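Asker: Sequence plus the predicted model coming up.
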Amino acid sequence: MKKGNVIVGQSGGPTSVINSSLAGVFKAAKDGGVDKIYGMRNGIQGLLENKYVDLKEYLKDGLDIELLKRTPSSYLGSCRFKLPEISENEQMFKDIFAILEKLEVKYFFYIGGNDSMDTTKKLSEYAKAINSDIRFMGVPKTIDNDLAVTDHTPGYGSAAKYIGSSIKEIIRDGLVYNYPSITVVEIMGRNAGWLTAAAAIAKGDDCEGVDMICLPEVDFDIDKFLAKVEENKTRSQVIAVSEGIKTKEGKYVCEMSRGDVGTDSFGHKALSGTSQYLCQLIGEKTGCKTRSVEFSTLQRCASHMASRTDVEEAFIAGSKAVEAAFDGETGKVVIFERISTAPYQMITHVADVDKIANVEKKVPMEWITSDGMNVNDKITEYIRPLIQGEMTQIMVNGLPKHIVLK
């Protein structure tokens with residue numbers, strides 16, 4: 001029996017495999033003999049409001065764990081809550097640690113992306129400052145694939161699989177009629193274009209592939225873009241763009257039609273409408289029929305299209321975080337190291353959270369074509385191992401069965 005209890009939370013935007021990481025934390029903690037395994041409701045924000053559950057009361061057996069691995073979104077709920085600096089509001093940290101002490105928590109796990117790792121970093125720093133023996137571990141998650149140090153991030157493979165599959169279907173649809181049409185597909189990605197780059201994997205012996213891929217790593221030139229469209233206006237085109245593409249002046253393309261956009265608690269602008277704006281411009285320039293497609297939340301919640309590799313690695317990330325904490329690690333994040341691409345081989349390590357929090361990993365420029373309007377084979381070689389395999393869904397009345405915390 002491990003001395004001290006476990007608490008785990010989920011934060012930021014969900015993915016189709018974030019619950020598999022939760023399942024990994026839960027099973028490893030349970031197998032390790034932990035008495036109480038608490039789940040924060042709505043992340044650290046919910047914990048501050050004393051909202052938590054005993055997960056053993058809800059996850060009763062192996063079937064529940066298998067359902068959890070196949071259920072999209074965040075089982076415990078999520079939040080977008082930025083912890084202040086310790087010097088700005090130490091009382092908030094005192095409140096959090098008082099709750100953890102009340103629950104006799106010795107192991108704290110936070111599943112999330114860049115902003116969530118910032119939370120893990122601040123809590124582990126405060127624990128060190130007050131000589132607390134609570135161990136804090138980050139479990140990586142983000143469809144954006146922009147966490148530093150790690151080869152890739154759980155959530156990305158499944159989102160890439162959904163994007164590649166959907167792009168193939170859109171391309172087939174666009175070739176139905178004997179007149180040209182232009183479809184602009186808007187894909188998530190604020191500052192890093194990993195998701196949009198996944199549109200490249202659609203190309204194969206049964207698919208022509210997309211005509212352009214525009215990433216936020218490259219300044220977006222509207223005139224150059226429209227000229228490229230004009231060159232090929234006699235045939236149907238499908239173009240993939242990141243929601244976060246910006247001009248060389250630093251202005252988001254979506255702001256050109258919407259004007260000022262709001263921000264969240266982390267200061268991130270709300271991005272949407274890029275494809276609609278570009279379709280309007282293309283229609284005016286070419287006179288062609290245009291269609292705007294925004295994948296929006298579909299790319300992060302499509303568990304029916306989840307990659308088995310991604311689900312399994314998400315589970316491993318949760319399990320390895322628990323193992324590391326039990327071995328005495330704190331202030332660390334589980335990371336993946338790729339040993340080989342063909343055949344695909346991966347191992348895990350832990351890295352200091354301060355090397356990951358608030359650092360964005362972007363698509364390498366050498367993986368982007370010289371004109372800045374597409375990607376090369378290096379990105380497809382990188383992505384393909386991450387999308388392999390399918391998860392058999394547990395079906396009820398013709399639809400996938402999910403587990404829901406009530």
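Answerer: Everything's here; your move. Numbers count the residues shown, from 1 in each chain.

Asker: Find me the pLDDT at residue 256, would you?
Answerer: Looking at residue 256, its pLDDT is 86.

Asker: wait, isn't it in contact with residue 277?
Answerer: Yes: shown here, residue 256 and residue 277 form a contact pair, counting by CB atoms under 8 Å, at 5.9 Å. The C-beta positions use only the backbone N, C-alpha and C, and glycine is treated the same way.

Asker: more crowded one of the two?
Answerer: residue 277 (20 against 15; other CB atoms under 10 Å).

Asker: Which helix or strand lies directly C-terminal to the helix or strand bottoming out on mean pLDDT in the chain?
Answerer: None of the helices or strands of the chain scores lower by mean pLDDT, DSSP states H and E than helix 255-258, at a mean of 76. Using DSSP states H and E, the helix or strand that directly follows helix 255-258 along the chain is helix 274-286.

Asker: CA atoms of the following helix or strand past that following helix as PDB?
Answerer: Counting by DSSP H and E, the next helix or strand C-terminal to helix 274-286 is strand 289-294. Taking Å, rounded to 0.1, in the frame of the first residue of the first chain, the C-alpha atoms of strand 289-294 are listed here in PDB:
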ATOM      1  CA  LYS A 289     -17.900  28.100 -56.700                       C
ATOM      2  CA  THR A 290     -16.300  28.000 -53.300                       C
ATOM      3  CA  ARG A 291     -16.900  26.100 -50.100                       C
ATOM      4  CA  SER A 292     -15.600  26.700 -46.600                       C
ATOM      5  CA  VAL A 293     -15.100  23.800 -44.300                       C
ATOM      6  CA  GLU A 294     -14.100  24.300 -40.700                       C
END
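
Asker: how big is the angle separating strand 289-294 from helix 274-286?
Answerer: For strand 289-294 against helix 274-286, the angle by axes from the mean of the first three to the mean of the last three CA atoms, to 10 degrees is 170 degrees.

Asker: So for strand 289-294, what gets flagged as buried?
Answerer: Residues of strand 289-294 classed as buried by neighbour count (16 or more other CB atoms under 10 Å): 289-290, 292-294.

Asker: can you check stretch 397-406 too?
Answerer: 402-403.

Asker: Give me the distance between the two termini of it.
Answerer: Distance across stretch 397-406, first residue to last, is 21 Å (CA to CA, to the nearest Å).

Asker: What's the separation between the spatially closest residue to residue 64 that is not a sequence neighbour and residue 58?
Answerer: Nearest residue to residue 64 in three dimensions, chain neighbours excluded: residue 403, at 6.1 Å (CB to CB, 6 or more residues apart in numbering). In this view, residue 403 and residue 58 are 8 Å apart by CB to CB, to the nearest Å.

Asker: and for those two, which residues touch both?
Answerer: Common contact partners of residue 403 and residue 58 (CB atoms under 8 Å, 6 or more residues apart in numbering): residue 64.

Asker: Would you mind measuring from residue 229 to residue 211?
Answerer: If you go by CB to CB, the gap between residue 229 and residue 211 works out to 8 Å.

Asker: any common contacting residues for the two?
Answerer: Common neighbours of residue 229 and residue 211 (CB under 8 Å, 6+ apart) are 237, 239.

Asker: In this protein, where is pLDDT below threshold?
Answerer: Along the chain, segments meeting pLDDT under 70 span 1, 258-270.

Asker: Going by residue numbers, what spans are helices in it?
Answerer: Ranges of helices in the chain, per DSSP state H, are 18-31, 43-48, 62-70, 90-102, 114-129, 156-174, 194-197, 222-231, 255-258, 274-286, 298-301, 308-326, 377-383.

Asker: Can you give me the buried ones in the fourth one?
Answerer: In this case it means helix 90-102. 92-93, 96-97, 99-100.

Asker: and residue 352, how many neighbours?
Answerer: The burial count for residue 352: 14, using other CB under 10 Å.

Asker: Could you measure from it over to residue 333?
Answerer: From residue 352 to residue 333 the distance is 8 Å (CB to CB).

Asker: and what of residue 368?
Answerer: 27 Å.

Asker: Please work out which of the helices of the chain is packed deepest.
Answerer: helix 194-197 (a mean of 28; mean count of other CB atoms under 10 Å).

Asker: Can I get that one in PDB? Just the C-alpha atoms.
Answerer: Extracted in PDB, the C-alpha atoms of helix 194-197 (Å, rounded to 0.1, in the frame of the first residue of the first chain):
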ATOM      1  CA  TRP A 194       1.300  20.300 -37.100                       C
ATOM      2  CA  LEU A 195      -2.500  19.600 -37.600                       C
ATOM      3  CA  THR A 196      -2.800  21.400 -40.900                       C
ATOM      4  CA  ALA A 197       0.300  19.600 -42.100                       C
END
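
Asker: who's in contact with stretch 45-53?
Answerer: 7, 9, 38-42, 76-77, 79, 81, 92, 95-96, 99, 103, 405.

Asker: Off-centre distance for that stretch?
Answerer: 23 Å (CA atoms, centre = their mean, to the nearest Å).

Asker: Same check on stretch 291-309?
Answerer: 11 Å.
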